[in-house]
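Engineer: Need coordinates for the following:
(one chain, ligands or ions: 1)
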Amino acid sequence: MAEDTQLRTIRSDGPRAVPPRASACVVVIHGDGLGRRADVGMEPVVIGRSSDVSLYIPHRSVSRRHCEIRASAGSYRVRDLGATNPTLLNDQPVADAALADGDRITVGESILKFIGHANVEAGYHEQIQHLAMRDQLTGLHGRRQFVELAEAMIADARQRQSPLTLAVLDLDGLREINLRHGHAAGDAALRRAGDLVQERMTEGDVAARIGEDEFAVLLSGRGADAAGVFLDKLRRTLTEPLALAGGVSLQVGVRTALAELGPGADSLGLLMRRIDSALS
Ligand SMILES: Nc1nc2c(ncn2[C@@H]2O[C@H](COP(=O)(O)OP(=O)(O)OP(=O)(O)O)[C@@H](O)[C@H]2O)c(=O)[nH]1
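Structural biologist: Numbers count the residues shown, from 1 in each chain. Below you'll find the model as predicted:
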C-alpha cells in the first residue's frame, strides 16, 4: 500500500486510440438472449427464434425470422420480416430504415442496441461476451452457452434427419492431483483436456466444459460408431502421463460415455440422462 502511494503518476494523453472495427454489431441489452451479439458483415444478420438464424433469441414473443440488419452502401439498415410483434426502432414501428450508432431495436420482449464500427463499445461487448460465455481456464464454452448451442444443433439435426452424438469425458482423480501437487497441477490437467478436445473436434462440432472435471462434445453428422472412435482416441492421449516442471508427472484417469440422438433420446435432457446413467 505504502509503495503504491509513492509511485509517481505518469503523464498520459488518455486512452490509446481504439482502431475502428471491420464491422458494426448488434447486441442484446435486455430480455432473453442477454449479452448475445452478432457482427454485421457481408451477410445480413437475421434475428429470430428459429435455430438457424444468426442471432437466436429463444422467446415466444420473437418470430422465427423477426427482422434483419444489413450493411447497405456504407450504412446499415434494419428491416422487419413480417414479425407478429412488429420490430420497433427507438420505440417506433419500423418497416425498413437506416440505423445510427446507439439505436435501440425492440424484438418481442428483448431490446438490442446497434453499435457502429467506430464505437469503442463494440470491442467491450465482444470481450464481455467472451468472459461470460467461455470457461476461462480452457477457453471452451461454459455450460450455459453449451445448452443453448446444443438445443439449436439438436433441433437442426432432427429437422434434417442427420446423425448427432453427445460425447462426454469425466476426468478422474482431479481432487487427488490438487491435494498432492497443488491447484496449478490440476489446472494443467484440465487445460490439457480442453486443448485435446479442441484439437480433435471438427468443424460443426461444439465442445464445452460442462462441470468441474467434465467435458462435452456434440459431434455433428456423426453417429455412435464414429463418436466411439473419437472418444477412444481422446481417452488414449488423455491418459498418457503429463510431465510438469520439477519432474512431476501426472496420471489422469478418464471415464467416457456417449449418447446418439434418436427415438427415446431426442432432446438434450434425454441425451444427458443416458450419459449420466452410463457414467454412474
Ligand atoms: N485445479 C482445479 N481444480 C478444480 C477446478 N474446478 C474444480 N476443481 C476440483 O476438482 C475436483 C472435482 O471433484 P470430483 O469430481 O469429486 O474429483 P475427482 O477426484 O476427479 O472424482 P470423480 O470425478 O468423481 O472421479 C474438486 O476437488 C474441485 O475442487 C479447477 O478449475 N481447477
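
Engineer: contacts, neighbours, all on C-alpha from now
Structural biologist: Noted.

Engineer: quick one: the helices in the protein?
Structural biologist: With DSSP state H as the criterion, the chain has helices at 2-6, 121-133, 143-160, 174-181, 183-200, 224-238, 268-279.

Engineer: I'd like these as TSV, with distance to Asp103 appended.
Structural biologist: Shown next, in TSV, are the helices of the chain (distance: least, Cα to Cα, whole Å):
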stretch	distance to Asp103
helix 2-6	42
helix 121-133	13
helix 143-160	27
helix 174-181	48
helix 183-200	37
helix 224-238	45
helix 268-279	36
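
Engineer: where does the protein have low pLDDT?
Structural biologist: For the chain, residues meeting the criterion pLDDT under 70 lie at 1-4, 20.

Engineer: Close to the ligand: what parts of it are there?
Structural biologist: Contacts of the chain with the ligand, taken as Cα under 6 Å from any ligand atom, map to 171-176, 178, 183-184, 186-187, 212-213.

Engineer: From those, pick the one nearest Gly246.
Structural biologist: Gly246 lies nearest to Ala184 out of the residues of the chain next to the ligand, by Cα to Cα, at 12.9 Å.

Engineer: how about the helices of the chain, which one is nearest Leu34?
Structural biologist: Smallest distance to Leu34 across those (Cα to Cα): 9.6 Å, for helix 121-133.

Engineer: now the closest one and helix 143-160, what's the angle there?
Structural biologist: 90 degrees (axes from the mean of the first three to the mean of the last three Cα atoms, to 10 degrees).

Engineer: who's in contact with helix 121-133?
Structural biologist: Contact with helix 121-133 is made by 21, 24-25, 27, 35-37, 115-116, 141-142, 144-145, as judged by Cα atoms under 8 Å, 6 or more residues apart in numbering.

Engineer: ends of stretch 255-268, how far apart?
Structural biologist: 20 Å (Cα to Cα, to the nearest Å).

Engineer: Over to stretch 25-43?
Structural biologist: First-to-last distance for stretch 25-43 - Cα to Cα - comes to 12 Å.

Engineer: Please apply the same query to stretch 151-167.
Structural biologist: 15 Å.

Engineer: just to revisit the earlier point, want to throw the helices of the chain into TSV with mean neighbour count?
Structural biologist: What follows is the helices of the chain, written out as TSV (neighbours: other Cα atoms under 10 Å):
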stretch	mean neighbour count
helix 2-6	7
helix 121-133	16
helix 143-160	17
helix 174-181	14
helix 183-200	18
helix 224-238	16
helix 268-279	15
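
Engineer: quick one, domains of this protein?
Structural biologist: 24-132, 143-279 (the TED database).

Engineer: Could you dump these into a markdown table and include distance to Ile10?
Structural biologist: Below are the domains of the chain laid out as a markdown table (distance: least, Cα to Cα, whole Å):
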| stretch | distance to Ile10 |
| --- | --- |
| domain 24-132 | 24 |
| domain 143-279 | 35 |
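
Engineer: thought Val168 was touching Val217?
Structural biologist: Yes - between Val168 and Val217 there is a contact under Cα atoms under 8 Å: 6.4 Å.

Engineer: Between those two, which contacts overlap?
Structural biologist: What both Val168 and Val217 touch, as defined by Cα under 8 Å, 6+ apart, is an empty set.

Engineer: thinking again about what came up before, what is the nearest of the residues of the chain next to the ligand to Pro93?
Structural biologist: Taking these together and measuring to Pro93 by Cα to Cα, the closest member is Glu212, at 46.0 Å.

Engineer: ok, the residue of the stretch 1-150 of the chain found nearest the ligand to Gly35 distance?
Structural biologist: Using Cα to the nearest ligand atom, Leu137 is the residue of the stretch 1-150 of the chain that sits closest to the ligand, at 6.7 Å. Distance from Leu137 to Gly35, counting by Cα to Cα: 21 Å.

Engineer: neighbour count winner among those two?
Structural biologist: A side-by-side neighbour count of Leu137 and Gly35, using other Cα atoms under 10 Å, places Gly35 first with 19 against 12.

Engineer: any idea what sits nearest that one, other than its immediate chain neighbours?
Structural biologist: Val28 (5.3 Å; Cα to Cα, 6 or more residues apart in numbering).
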